[in-house]
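Enquirer: Have a look at this prediction, sequence included:
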Amino acid sequence: MPDAVIRCLQEKLNLMRERRPLIHHLTNFVTMNDCANMVLATGASPVMAHAPEEVAEMAALSGALVLNIGTLTLPWIDAMVMAGKAANKVGVPVIVDPVGAGATKLRTESCLRILDEVKVAVVRANAAEAAVLAGQAGEVKGVDAVSGDALSAAQALARRFGLVAAVTGVIDYVSDGQKTVKIENGDAWMGRLTGTGCMASSVTGCFCAVEEDFFAASAAALAYYGAAGEIASGRVDFSQKSEAERWPVPRGPMSFKTAFFDAVYTLDGRRAAELTRVSRVS
Amino acid sequence: MPDAVIRCLQEKLNLMRERRPLIHHLTNFVTMNDCANMVLATGASPVMAHAPEEVAEMAALSGALVLNIGTLTLPWIDAMVMAGKAANKVGVPVIVDPVGAGATKLRTESCLRILDEVKVAVVRANAAEAAVLAGQAGEVKGVDAVSGDALSAAQALARRFGLVAAVTGVIDYVSDGQKTVKIENGDAWMGRLTGTGCMASSVTGCFCAVEEDFFAASAAALAYYGAAGEIASGRVDFSQKSEAERWPVPRGPMSFKTAFFDAVYTLDGRRAAELTRVSRVS
Amino acid sequence: MPDAVIRCLQEKLNLMRERRPLIHHLTNFVTMNDCANMVLATGASPVMAHAPEEVAEMAALSGALVLNIGTLTLPWIDAMVMAGKAANKVGVPVIVDPVGAGATKLRTESCLRILDEVKVAVVRANAAEAAVLAGQAGEVKGVDAVSGDALSAAQALARRFGLVAAVTGVIDYVSDGQKTVKIENGDAWMGRLTGTGCMASSVTGCFCAVEEDFFAASAAALAYYGAAGEIASGRVDFSQKSEAERWPVPRGPMSFKTAFFDAVYTLDGRRAAELTRVSRVS
């Protein structure tokens, strides 16, 4: 499995940057701009469109569809289901980010409705959200995870809905219900910014647009994204490199943010494969 | 009073960063991302949620509720009133940012409706907005203040509605109708960015979530926020400090913005208390 | 014509920074924050307001109105038409950004509706969007241009609707249907960020608020905006200047973004006029 992840990074990231697939989002107002710039930095082309009159048309033009419920309302959930069904019809993979599932009834029920009516390729969530959707106990405080066993939540969620669960935290777990990998890339600075979960979902969408094996695509996306976070935090040793390749330690969250987008943009598949720390756990 | 402000900075900022209270926002589309990142940098946990089906549930989970009318519509105002009433029921403090009150009838009337139907703890406004809501004359040009006596507007607004008025400008005034302080922290760069008013309201919400004395909380929030602006502008003398603690003069508004968020994040309560320039005016 | 552009830069940018006209936007959720900060950096005052109850009142207070359909829905288009008609009544120039026209029926038809019901001063578009609205063939992939002859699209669009067409790309073309100029300012980094088209429309609005000759205003706006991009990319030779005036080469798109806003803010009319590369093509 780690081999498939490495291969995905080495081969598919370049392919993405050539093809620049459209990644259609129905996502939240808070991090829309960040998700759009993150998709561009990764190497694909973002579009945000939520009008019921156009979501089906736009989804059909796309390489992947990302549904993120961060600032949901009922009309947006309706539009998400419409877009999801249209994507299903033409084989466009659907990625769901169930922001704050468990925090309110509306969030939990809306996610379950999407998972019921749309064939979802990947759910990218934190441990608490995954546990709630998997039917496990779990507390959710607002939109941030406070509890939950990430590994078991990933496996249970994947099995319950027959999809790939990509559960991020200090350690990320990706499971398809049978096999599971853990990814130890990433940096604590990523948790000090809003939207790092949303952006992880968008990057997962980018990889799913060029890699049919959504399990490998999800793991590759999170490894790539986490490795960029390590570079941006100044943690990656570039001591044998020229000065221009060294990244300073950020002064605070916003200088980290600048470096993070820059690192995603400059990270290529070969270097990402070297930095990847993915291992099989089941 | 200045003593209570100093004590709030010294004691409550650390408490906030341990507890990380949820700050629930119904706020404008323009600066949502900035407000979320500002809350994180301050030390609390942001959530933005506006669906009528969940606002009451979310408000009840929160340490403070921030209502900002920057891009208001009637359904959003309805949701704000619902959230505000739910917050009132469980004793969660409500902070209102009346963006552009006075510029259009809709804005003025919506603010007055919120102030009528919801028990508001703090209004954080500019001088023109405060004057309009206090029933004083005042011109508002779009969403930026052009006139108004900040001190008298703060006092009149506080008295009219029985709340804390936190009126920001070159000098900030915080009044509960009886006593008033002025805060001389801040930097001109803050006025060259969109959303510095909105973010001041969000930071006020953060402090109100951990300090029951909303007068002290509001003054502490504005002093802390303004001091971070001074640090980010390169104006604070760190000459006895190591090089890593010196902050460069910004090249323009966006490098100031990066430094500003970083400064908020790195500023602790002890240092903020040292930098505070708060004094009693009545 | 290039003379009128130079004169506009030399005289009207200062005037804008003194008067700080209000630039009213009904624009998309993705880049609202960027557009607001770009307007501030240019020297005007942004306001975003879309409620049907206030758009007419706000438009009438403004120096220009920018309608951008990036995340359109039918109620937003209705509000855009209302705002546009109110602007027409009081002689406030209307700038339209037809994001993704051609990608979906909703986008194309909504743009045509606006152009039919509102007297539009300037359409700022990419080549594919301009070609679609001009009735020429053209493929649009999501919201990014993939084809189209920019020069002929600009001329055809200007003639069809009797307005100024400002078509941006590697080379920008501005046409009023009779005369056309090309503008060779700009940098490839600008295409690696979301919203650089939206922000170009906002800057065009800023110039139209102080320059009645919308042809000169549009060309001046794009030259100024592109020159700032060159400065931010480190491409402009400041070797005779002091170190503080030299701009480093960006590490990636987000450090470019920071530099770009800073460059817009620091660029004055005299220097912009020197950097301008505008020439008559017809």
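Expert: Received it, and whenever you're ready, just let me know what you need.
Enquirer: how long is stretch A:155-170 from one end to the other?
Expert: Start-to-end span of stretch A:155-170 (C-alpha to C-alpha, to the nearest Å) is 17 Å.
Enquirer: If we go by neighbour counts, what in it is buried?
Expert: Within stretch A:155-170, the residues that count as buried by 16 or more other C-beta atoms under 10 Å in any protein chain shown are A:155-158, A:161, A:163-169. C-beta here means a position set from N, CA and C on the backbone, and glycine is covered the same way.
Enquirer: That stretch near chain B anywhere?
Expert: No. Judged by C-beta under 8 Å from any C-beta of the partner chain, stretch A:155-170 and chain B are separated, with a smallest distance of 15.8 Å.
Enquirer: so for that stretch, what's the average pLDDT?
Expert: Per-region confidence: stretch A:155-170 scores 97 on mean pLDDT.
Enquirer: following the lowest-mean-pLDDT helix or strand in chain A, which helix or strand shows up next?
Expert: One helix or strand of chain A scores below all others by mean pLDDT, DSSP states H and E: strand A:144-145, with a mean of 54. Next helix or strand after strand A:144-145 toward the C-terminus (DSSP states H and E): helix A:150-161.
Enquirer: Is there a neighbour count for the residue of chain A found nearest chain B? I'd like the number.
Expert: Nearest residue of chain A to chain B (C-beta to the nearest C-beta) works out as A:G252 at 2.7 Å. A:G252 is flanked by 22 other residues according to other C-beta atoms under 10 Å in any protein chain shown.
Enquirer: List the contacts of it.
Expert: B:41, B:261-266 (C-beta atoms under 8 Å, 6 or more residues apart in numbering or on different chains).
Enquirer: where does the stretch 101-250 of chain A dip in pLDDT?
Expert: The stretch 101-250 of chain A contains residues with pLDDT under 70 at A:137-148, A:239-240, A:242-245.
Enquirer: Now do the contacts for A:R271.
Expert: Here A:R271 is in contact with A:A227 (C-beta under 8 Å, 6+ apart).
Enquirer: Does it lie in a helix or a strand, and which?
Expert: Going by DSSP H and E, A:R271 is part of helix A:269-275.
Enquirer: Flag every buried residue along that helix.
Expert: Quick answer for helix A:269-275 (16+ other C-beta under 10 Å): A:269, A:271-273, A:275.
Enquirer: cool, stretch A:103-111 as well?
Expert: Result for stretch A:103-111 [16+ other C-beta under 10 Å]: buried residues A:103-104, A:106-108, A:110-111.
Enquirer: and if you look at stretch A:111-118?
Expert: A:111-112, A:114-115, A:118.
Enquirer: can you check stretch A:178-188 too?
Expert: Buried-residue list, stretch A:178-188, by 16+ other C-beta under 10 Å: A:180-183, A:185-187.
Enquirer: surely A:L267 meets A:G229?
Expert: No. Between A:L267 and A:G229 there is no contact under C-beta atoms under 8 Å: 10.3 Å.
Enquirer: OK, contacts around the residue nearest the centre of chain A?
Expert: Nearest to the geometric centre of chain A sits A:S201, at 2.1 Å (C-alpha atoms, centre = their mean). A:S201 sits next to A:35, A:66, A:68, A:95-97, A:124 when contact means C-beta under 8 Å, 6+ apart.
Enquirer: got those as JSON lines, with neighbour count, distance to chain B and secondary structure columns?
Expert: Converted to JSON lines, the contacts of A:S201 look like this (neighbours: other C-beta atoms under 10 Å in any protein chain shown; distance: C-beta to the nearest C-beta, whole Å; DSSP: H, G, I helix; E, B strand; the rest coil):
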{"residue": "A:C35", "neighbour count": "29", "distance to chain B": "10", "secondary structure": "helix"}
{"residue": "A:V66", "neighbour count": "31", "distance to chain B": "17", "secondary structure": "strand"}
{"residue": "A:N68", "neighbour count": "28", "distance to chain B": "13", "secondary structure": "strand"}
{"residue": "A:I95", "neighbour count": "33", "distance to chain B": "21", "secondary structure": "strand"}
{"residue": "A:V96", "neighbour count": "27", "distance to chain B": "18", "secondary structure": "strand"}
{"residue": "A:D97", "neighbour count": "31", "distance to chain B": "15", "secondary structure": "strand"}
{"residue": "A:R124", "neighbour count": "30", "distance to chain B": "19", "secondary structure": "strand"}
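Enquirer: Of all pairs in those, which one spans the longest distance?
Expert: Greatest spacing in the contacts of A:S201, by C-beta to C-beta: A:C35 and A:V96 (14.0 Å).
Enquirer: Count the neighbours of the residue nearest to A:A209 when sequence neighbours are not counted for me.
Expert: In this structure, A:A209 finds its nearest non-sequential neighbour in A:G63, 3.0 Å apart by C-beta to C-beta, 6 or more residues apart in numbering or on different chains. Using other C-beta under 10 Å as the criterion, A:G63 is surrounded by 20 other residues.
Enquirer: Dihedrals phi and psi, A:G63?
Expert: phi -90, psi -20 (degrees, to the nearest 10).
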